[in-house]
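J.: Sharing a model that was predicted from the sequence below.
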Amino acid sequence: MANDLTQTTQRSLDEQVIGNLDRLKDQGLEMPPNYSPQNALKSAFFELTNNTAGNLLQAAANNQETKTSISNALLDMVIQGLSPAKKQCYFIKYGNKVQLMRSYFGTMAVLDRVTGGADITPVVVRKGDDFQVGMDGPNMVVTKHETSFENLDNEIVAAYVVIKLANGKETTTVMTKKQIDQSWAKSKMKGSGPQKEFPEEMAKRTVINRAAKALINTSNDNDLFVQAAKDTLENEFDDREIKPAEPVKVQAIENKLQQKMGIKQAEPVEESAPIEDLMKPKEAVEQEADEQPVDLESLEKAAEEAEPVQGDLGIIPNFDREEGISDEGILKEEDYPF
């Protein structure tokens with residue numbers, strides 16, 4: 001039964017995201033060359049099902065807030081042209097909500113798209129390196145950086161990224177280790193294993209994110225793409241306290257009953273929906289029904305006694321099928337996506 005609910009939720013999310021993406025394409029959204037949203041969604045569903053926080057698709061089947069947040073995260077993912085199979089992004093659960101997080105590789109891909117093709121070089125500076133900076137007008141530049149083999153295991157004291165734009169212009173972003181630590185302290189991953197076990201990659205990721213913020217904010221790219229990129233960047237920081245997720249028993253029982261009786265669950269109404277859509281009789285009736293008190297005992301008994309109805313689940317993505325070289329390589333649980 002749980003597997004059926006998961007598959008039904010997956011199919012519903014797939015249809016929602018592809019439908020919304022098609023409408024955005026009609027409004028002028030352009031996708032990166034050779035990017036397949038369908039293949040990216042397949043790898044995303046695999047990541048959501050095997051997430052370290054548990055099966056997030058199963059959680060979405062029992063919680064509308066979780067399902068809506070996953071739908072938004074998946075839409076942000078395809079708008080930015082990202083794929084978990086390429087270790088460009090991953091999903092983190094906070095309370096009842098799931099958020100998209102860009103990896104080191106994902107931010108580089110977004111920057112490449114924002115800049116129209118840029119050469120991005122992140123570097124860490126270790127204790128003992130001969131590192132000097134200077135000013136080129138109002139801009140800071142690295143004037144010298146020399147290291148040695150003996151310094152490779154030394155502690156990190158700074159990180160910088162040099163971005164050479166397609167027009168030949170170079171931008172340099174430098175962060176001291178103190179600034180990096182301050183950024184980590186505000187991050188939702190503060191004190192986590194990756195920052196301790198992979199400090200070099202995480203330091204590079206942090207300085208790239210800082211450079212990305214400036215470039216994304218000044219980009220003249222499609223507004224939908226830029227907004228999705230900015231939203232994902234903001235997901236990095238813990239600016240509010242989110243309570244742990246609590247099970248929604250009423251919703252779980254209602255979903256179970258509807259699934260057995262073959263009743264299609266109502267799709268969530270987006271916050272941006274026109275007011276006239278909210279006044280339709282169907283939605284009005286559903287809202288009135290939701291406001292009625294629920295007899296948990298009777299509802300649970302009805303769910304157990306109802307005869308299951310096998311609905312048409314449609315085509316469920318096959319994660320084992322090769323879709324092309326650009327989308328190969330499903331994430332392994334032990335591999336952390338920087």
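T.: All right, it came through fine.
J.: residue ranges for the helices of the stretch 51-200 of the chain, please.
T.: With DSSP state H, counting those that start in this stretch, the ranges of helices along the stretch 51-200 of the chain come out as 56-61, 64-79, 104-115, 177-186, 193-197, 199-217.
J.: weakest of those helices by average pLDDT?
T.: Mean pLDDT values for the helices of the stretch 51-200 of the chain show the minimum at helix 193-197, a mean of 66.
J.: related to what we said a few turns ago, possible to save the helices of the stretch 51-200 of the chain as TSV with mean neighbour count and distance to residue 4?
T.: Backbone N, C-alpha and C define where each C-beta goes, glycine included. Output for these, formatted as TSV (neighbours: other Cβ atoms under 10 Å; distance: least, Cβ to Cβ, whole Å):
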stretch	mean neighbour count	distance to residue 4
helix 56-61	23	9
helix 64-79	23	16
helix 104-115	22	32
helix 177-186	15	41
helix 193-197	12	35
helix 199-217	20	39
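J.: Quick one: closest of those to residue 160.
T.: helix 199-217 (6.2 Å; Cβ to Cβ).
J.: Show me this protein divided up by domain.
T.: 2-96+245-327, 107-219 (automatic domain parsing).
J.: Lowest mean pLDDT across those, which one is that?
T.: Mean pLDDT per stretch puts domain 2-96+245-327 lowest among those, at a mean of 70.
J.: Residue 33 - how many residues pack around it?
T.: Using other Cβ atoms under 10 Å, residue 33 is surrounded by 6 other residues.
J.: mind checking how far it is from residue 8?
T.: As judged by Cβ to Cβ, to the nearest Å, residue 33 and residue 8 stand 33 Å apart.
J.: quick one on the thing from earlier: closest one to residue 46 among the helices of the stretch 51-200 of the chain?
T.: Sorting these by Cβ to Cβ, the top spot, which is the nearest, belongs to helix 56-61 at 10.0 Å.
J.: all strands in the stretch 1-150 of the chain, in order from the N-terminus.
T.: 89-94, 97-102, 119-126, 130-136, 139-146 (DSSP state E, counting those that start in this stretch).
J.: Just put those strands in a markdown table and tack on mean neighbour count and distance to residue 16.
T.: Shown next, in a markdown table, are the strands of the stretch 1-150 of the chain (neighbours: other Cβ under 10 Å; distance: least, Cβ to Cβ, whole Å):
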| stretch | mean neighbour count | distance to residue 16 |
| --- | --- | --- |
| strand 89-94 | 21 | 16 |
| strand 97-102 | 22 | 14 |
| strand 119-126 | 18 | 33 |
| strand 130-136 | 12 | 48 |
| strand 139-146 | 13 | 44 |
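J.: No further queries at this time; thank you.
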